[in-house]
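J.: attaching a predicted model along with its sequence, questions to come.
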Amino acid sequence: MTASLKSTRTPSAELPSQSSLAREQAALLPLATVPSRVPLHLVEPEGQLQVHTAPYRGSFSTVFSQAMRAAGLGSRVLIAQFLKGGVQQGPGGCVNLCGGLAWLRPDVQACLSEAGVEQARPAVEAVWNDCRHHLMQGDLDQLVLDELGLAVALGYLDEQELVDSLKQRPGSMDVIITGPAIPASVMSMADQVTELRRGF
């Protein structure tokens, strides 16, 4: 006995109409009538303005951990702590970690917790000027601004200048503001607000 892939039966005259009927019932179109597809359009990455706030200081280690993880995966990240001093740093002594992570603090003798420390004002403004430069240039993937709102509340930075700079930020950069005393003008701009209500 032999096997053949070619049918020895003559086709019936009804077969073409039956296959056409089957195609119509299955809502299938012949290849010639299938419309061509529009090419894929790549979407630009869209950054967010995020606020993480709490009624107390020093509660945002998870934000810093995520920033370090992002830098370890190849993102360009800057963490700026506006009121943490005591390490003789400033923009000229920015610490680089994980390849893509820069960590910046003002060049002041100790951490700032009150208004009116006039010798600290230029140091805090120097940190802000560096951050504002990155906001205008768009050369980062993520910018973390720690205790920025408190720096405004204590009188070291100008709120309107902060708001104007945030409005001009590039659409692809994530900006994360942490700490207490976030100005209402910044809260209203935020894409996401996370509020921690207790510290334990």
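T.: It's in.
J.: only C-alpha atoms for contact and neighbour calcs from this point on.
T.: Fine.
J.: other SSEs contacting the longest helix anywhere in the chain?
T.: Using DSSP state H to define each element, the chain has its longest helix at helix 121-137. Under the contact criterion of 3 or more CA pairs under 8 Å, 6 or more residues apart in numbering; DSSP states H and E, helix 121-137 touches helix 159-167.
J.: now do the same contact list for P122.
T.: Residues counted as contacts of P122 (CA atoms under 8 Å, 6 or more residues apart in numbering): none.
J.: quick one: it from V108, how far?
T.: P122 sits 10 Å away from V108, taking CA to CA, to the nearest Å as the criterion.
J.: and the helices in this structure?
T.: Taking DSSP H, the helices of the chain run over residues 15-25, 61-72, 121-137, 148-153, 159-167, 184-187.
J.: which of the ones you listed sits most buried?
T.: Highest mean neighbour count among the helices of the chain (mean count of other CA atoms under 10 Å): helix 148-153, with a mean of 23.
J.: where are the low-confidence patches of this structure?
T.: 1-36, 41-45, 59, 199-200 (pLDDT under 70).
J.: give the contact list for the residue positioned nearest the centre of the chain.
T.: The residue lying closest to the centre of the chain (CA atoms, centre = their mean) is D174, at 2.7 Å. When contacts are counted by CA under 8 Å, 6+ apart, D174 touches 47-50, 141-143.
J.: 7 Å - rerun?
T.: Contact analysis of D174 by CA atoms under 7 Å, 6 or more residues apart in numbering lists 47-49, 141-143.
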